[in-house]
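Asker: quick one, fold the following:
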Amino acid sequence: MIPNTEIRAKSEQYHDDTVRNLARLVQTKSYSGEEQAAAELVLELCNKAGLENAWIDGLGNVIARVGNGPRVLAIDGHIDTVEVGDPAQWQRDPFCGTVEGEYLHGRGASDQKGGVASMITAARILTELGYDQEFSVYFTFTIMEEDCDGMCWRYLIEEEQLVPEFAVSTEPTSLGLYRGQRGRMEIELAFAGISAHGSAPERGENAGYKAARAALAIGELNERLPPDADGFLGKGTLVVSQIHARGPSQCAVPDQARLYLDRRLTWGETMDSAIAELRELCGSDLKRVTVPQYNKPSWKGTVFTQELYFPTWKTPENHALVQAGVQAFEALFKKPPRVDKWTFSTNGVAIAGYHEVPCIGLGPGDEDQAHAPNECIRISDLAPAAAFYAALPYSLGAKG
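Answerer: Below you'll find the model as predicted:
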């Protein structure tokens, strides 16, 4: 049975604390690979919340555990953010963490330190309730998601041997219950030509033109990509994000060119199928297709390498985890949740995509605030999110 009355009361009681914690998190700059100060702050806040089992792992993720049950539930939020971009587009200091009216402002407020702050409050609630049922609940405050989504969780599963039975992402969902997302991959296409003096281009073979033809064809392919069979995740997409061409000089036919692509993958599309499409599309103009490797060190200096391929995932609507999430939401808020999916990518690509651990998501804040100037979050989202995270272990236990 879910102690929903106590959970709701405590989440509201600690609302101001949650807001203060979020403000401190936003005020602590934590770009990907530079999260040390934020990790140390999260550890401090976990200790202040009464968590006796909290530590930093070998990569630099912060982990806190509540309960000692034989089954494992992970609740995840990343503590890194993208950079600010053009400061002139911000109306406030991007790291102000100030509350004005119903909103707290600053980089990472929605994406996704709001979820992190609510997680800390949920862990506090479970600790104070003396939660000690079927699940060990691991709160994972992960790093480098913005640079390489899911890499932190591949490390947790493959190196730290933290393999949950179920997982929850606290990425922003406007308090909806999400159960999937499209995957993605990054692709580099290389084209080769023959250089010649720019005064006589007919003597050469222009690699830039090959890349340009390919770029236009890729734009047309994007329009033709089909949606998934059940219409849940929608169609995949394909975007040329960078174009480079170069030769021996500015007065020469370029003999090298490169396209960098962002490919979003719907259900049924894979790395192999996406590469095969591009090989067929570009034909003999194409010299090489590469999926780049990510090998940036974490703030602890640890390197954990993987390809920039992030598989599509979804959890069926009738799955026990989804149904437990619905049950917890309804018990707390006396209404059914909006069940949907993310447009962007999350750590679910590793948890559910690579390792097939069933995953759902619910988070404070809105997706359209992610990576935007003047990012903000409704502070009224924080307490309901914390209540949901605290209620879910009880709901899952009731589902058996």
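Asker: what pLDDT, on average, does stretch 149-162 get?
Answerer: Averaged over stretch 149-162, pLDDT sits at 97.
Asker: my read: residue 55 touches residue 46, true?
Answerer: No. Assessed by CB atoms under 8 Å, residue 55 is found out of contact with residue 46, at 9.4 Å. Glycine gets a C-beta too; all of them are placed from N, C-alpha and C.
Asker: the more surrounded of these two?
Answerer: Ranked by neighbour count (other CB atoms under 10 Å), residue 55 and residue 46 place residue 46 first, with 24 against 11.
Asker: which parts of the stretch 51-200 of the chain are strands?
Answerer: Assigned by DSSP state E, counting those that start in this stretch, the strands in the stretch 51-200 of the chain fall at 54-56, 62-66, 71-78, 99-100, 103-105, 135-142, 166-169, 177-181, 183-192.
Asker: mind putting those into CSV with distance to residue 261 and mean pLDDT?
Answerer: Listed next are these as CSV, based on distance: least, CB to CB, whole Å; pLDDT from 0 to 100:
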stretch, distance to residue 261, mean pLDDT
strand 54-56, 35, 98
strand 62-66, 34, 98
strand 71-78, 24, 98
strand 99-100, 40, 98
strand 103-105, 34, 98
strand 135-142, 26, 98
strand 166-169, 26, 98
strand 177-181, 19, 98
strand 183-192, 4, 98
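Asker: show the pLDDT at residue 397.
Answerer: 85.
Asker: before we move on, the earlier item: now do the shared contacts for residue 55 and residue 46.
Answerer: Taking CB atoms under 8 Å, 6 or more residues apart in numbering as the criterion, residue 55 and residue 46 both touch 62, 64.
Asker: and residue 275, what is it in contact with?
Answerer: With CB under 8 Å, 6+ apart, residue 275 has these contacts: 187, 289, 291.
Asker: just say helix, strand or coil for it.
Answerer: Three-state assignment for residue 275 (DSSP: H, G, I helix; E, B strand; the rest coil): helix.
Asker: tell me how far it lies from residue 346.
Answerer: Counting by CB to CB, to the nearest Å, the gap from residue 275 to residue 346 is 24 Å.
Asker: domain ranges for the protein?
Answerer: 4-182+312-399, 188-294 (automatic domain parsing).
Asker: which of those sits most buried?
Answerer: When you average the neighbours per residue for each of those (mean count of other CB atoms under 10 Å), domain 4-182+312-399 leads with a mean of 21.
Asker: chain center to that one: distance?
Answerer: Computed by CA atoms, centre = their mean, to the nearest Å, the chain-centroid distance of domain 4-182+312-399 equals 11 Å.
Asker: quick one, helices of the stretch 151-300 of the chain?
Answerer: Secondary structure of the stretch 151-300 of the chain (DSSP state H, counting those that start in this stretch): helices located at 151-158, 207-224, 271-282.
Asker: and for the stretch 301-400 of the chain?
Answerer: Using DSSP H, counting those that start in this stretch, helices in the stretch 301-400 of the chain cover 320-333, 348, 382-399.
Asker: please name whichever of the helices of the stretch 151-300 of the chain is nearest to residue 137.
Answerer: helix 151-158 (14.7 Å; CB to CB).
Asker: summarise which helices and strands that closest one is packed against.
Answerer: Counting contacts by 3 or more CB pairs under 8 Å, 6 or more residues apart in numbering; DSSP states H and E, helix 151-158 packs against strand 135-142.
Asker: which ones are touching residue 57?
Answerer: Residue 57 neighbours (CB under 8 Å, 6+ apart): 63, 155-156, 160.
Asker: also residue 346?
Answerer: 145, 149-150, 169, 171, 181, 361.
Asker: which among those gets closest to residue 307?
Answerer: The closest of these, once distances to residue 307 are taken by CB to CB, is residue 150, at 11.2 Å.
Asker: separation between the closest one and residue 183?
Answerer: 10 Å.
Asker: so which residue is smack in the middle of this protein?
Answerer: Note on the chain: the residue nearest the mean C-alpha position is residue 346, at 2.5 Å, using CA atoms, centre = their mean.
Asker: pLDDT below threshold where in this protein?
Answerer: In the predicted model, the chain carries pLDDT under 70 at residues 399-400.
Asker: now for the closest residue in space to residue 349 that isn't next to it in sequence, how many residues are close by?
Answerer: Nearest residue to residue 349 in three dimensions, chain neighbours excluded: residue 310, at 3.7 Å (CB to CB, 6 or more residues apart in numbering). A total of 28 residues lie near residue 310 under the criterion other CB under 10 Å.
Asker: any idea how far residue 310 lies from residue 228?
Answerer: Separation of residue 310 from residue 228 (CB to CB): 16 Å.
Asker: cool, and residue 108?
Answerer: 31 Å.
Asker: likewise residue 112?
Answerer: Taking CB to CB, one finds residue 112 at 26 Å from residue 228.
Asker: now do residue 43
Answerer: Taking CB to CB, one finds residue 43 at 40 Å from residue 228.
Asker: ok, which of the domains of the chain comes nearest residue 300?
Answerer: That would be, of the domains of the chain and by CB to CB, domain 4-182+312-399, which comes in at 4.4 Å.
Asker: report the contact partners of residue 193.
Answerer: By CB under 8 Å, 6+ apart, the contact set of residue 193 is 204-210, 247, 253-257.
Asker: go on, residue 176?
Answerer: When contacts are counted by CB under 8 Å, 6+ apart, residue 176 touches 337-340, 362.
Asker: I'd guessed residue 222 sits against residue 240; true?
Answerer: No. Using CB under 8 Å, residue 222 is not in contact with residue 240, being 9.2 Å away.
Asker: hmm, who's touching stretch 213-220?
Answerer: 189, 191, 238, 240, 243, 259, 261, 278, 281-282, 285-286.
Asker: out of the residues you listed, which comes closest to residue 116?
Answerer: Nearest to residue 116 out of those is residue 261 (CB to CB; 31.5 Å).
Asker: roughly how far does the closest one sit from residue 275?
Answerer: Counting by CB to CB - residue 261 and residue 275 are separated by 11 Å.
Asker: same deal with residue 190?
Answerer: From residue 190 to residue 275 the distance is 13 Å (CB to CB).
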